[in-house]
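Turn this into a model:
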Amino acid sequence: MERFSKDFRAGLHDLMRWRRDVRHFRKDPVDPALLDVCLDAFNLAPSVGLSEPWRIVKVRSQSARDAALANFLDANTKALSGYEGERAERYASLKLAGLRDAPEHLAVFCDDATTKGHGLGAATMPEMRRYSVVGAINLMWLTARAHGLGLGWVSILDPDRLTADLDLPEDWKLIGYLCLGWPQDVSLTPELETKGWETRAPALRIEER
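Residues are numbered from 1 along each chain as shown. The predicted structure follows:
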């Protein structure tokens, strides 16, 4: 097995530290060749049973983007109603998506009906297909960051509504709506921490049995 240098390992650790959920983008376009490099990470990703269940949609048309934005705004208003007092004020002050500015929008789905992989590893845990898609997204995220790009994962959405708006098969389940582009700034500290929403745990909790 390939052994990597100390410098490589240190660089990989730095890359993971600098990976951030980006919500503030410049409007500069992303070169199509660079986007292809990022998406190629899916070809390197592992998947349960080698099912490769990811389905990627480039959301390009203005009508599709408008539908995604309207979806987010409705879901965000509903989410805000679940908070009260100071927590509600703090929630309202957060910028929770870069939908208006990010030059690239990618909707990533899991095809729950795929026959590829012949069900291996998914009979007892069918959610493993969706976990496989999450892992692939993470590889793309690190690839994008290594090239200076930022990625924001929008989770305040009605997934079934988005699937219908994009006219996609019902068996495709939304895993991530991703905004990709050049970040306005970068930081080692998660934005939700700098805004006082939450703090990182002081140490990793590991249990033994």
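
Any stretches of the chain with poor pLDDT?
Counting by pLDDT under 70, the chain shows no low-confidence range.

can you pull out the strands in it?
Remark: strands assigned in the chain by DSSP state E are 54-58, 104-111, 150-154, 172-181.

Residue 131 is in contact with residue 47, isn't it?
No. If you go by C-beta atoms under 8 Å, residue 131 and residue 47 don't touch, sitting 9.1 Å apart. (C-beta placed from N, C-alpha, C; glycine too.)

Between those two, which is the more surrounded one?
The residue with more neighbours, out of residue 131 and residue 47, is residue 47; 23 against 15, by other C-beta atoms under 10 Å.

Centroid-nearest residue for this protein?
Nearest to the mean C-alpha position of the chain, counting by C-alpha atoms, centre = their mean, stands residue 153 at 3.6 Å.

what's near enough to touch residue 187?
By C-beta atoms under 8 Å, 6 or more residues apart in numbering, residue 187 lies in contact with 20, 194.

Could you check how far it is from residue 17?
Note on residue 187: its distance to residue 17, by C-beta to C-beta, to the nearest Å, is 11 Å.

Also residue 181?
To residue 17, residue 181 is 21 Å away according to C-beta to C-beta.

Between those two, tell me which one has more neighbours.
Applying other C-beta under 10 Å to residue 181 and residue 17 shows that residue 181 carries more neighbours, namely 24 against 9.

The more buried one against residue 30, yeah?
Yes. Assessed by C-beta under 8 Å, residue 181 is found in contact with residue 30 at 6.0 Å.

so residue 96 makes contact with residue 24?
No. Using C-beta under 8 Å, residue 96 is not in contact with residue 24, being 11.4 Å away.

So for those two, which residue has more residues nearby?
Applying other C-beta under 10 Å to residue 96 and residue 24 shows that residue 96 carries more neighbours, namely 18 against 15.

With adjacent residues omitted, what lies nearest to residue 29?
residue 103 (5.0 Å; C-beta to C-beta, 6 or more residues apart in numbering).

Would you confirm that the one you found contacts residue 150?
No. With contacts counted by C-beta under 8 Å, residue 103 stays clear of residue 150, the gap being 11.0 Å.

Name the residues contacting each of those two.
Here residue 103 and residue 150 have 25, 180, 181, 182 as joint contacts, going by C-beta under 8 Å, 6+ apart.

who's in contact with the last one?
Taking C-beta under 8 Å, 6+ apart as the definition of contact, the neighbours of residue 182 are 25, 26, 28, 30, 103, 148, 149, 150.

just the residues you listed now: which is nearest residue 80?
Residue 80 lies nearest to residue 25 out of the contacts of residue 182, by C-beta to C-beta, at 22.8 Å.

The closest one and residue 186: what is the separation?
According to C-beta to C-beta, residue 25 and residue 186 sit 12 Å apart.

okay, those two: which has more neighbours?
Shown here are residue 25 and residue 186; by other C-beta under 10 Å, residue 25 has more neighbours (23 against 12).

is the more buried one in a bridge, and if so with what?
Beta bridges link residue 25 to residue 183, judged by DSSP bridges.

Looks like it contacts residue 179 (just checking).
Yes. Shown here, residue 25 and residue 179 form a contact pair, counting by C-beta under 8 Å, at 6.8 Å.
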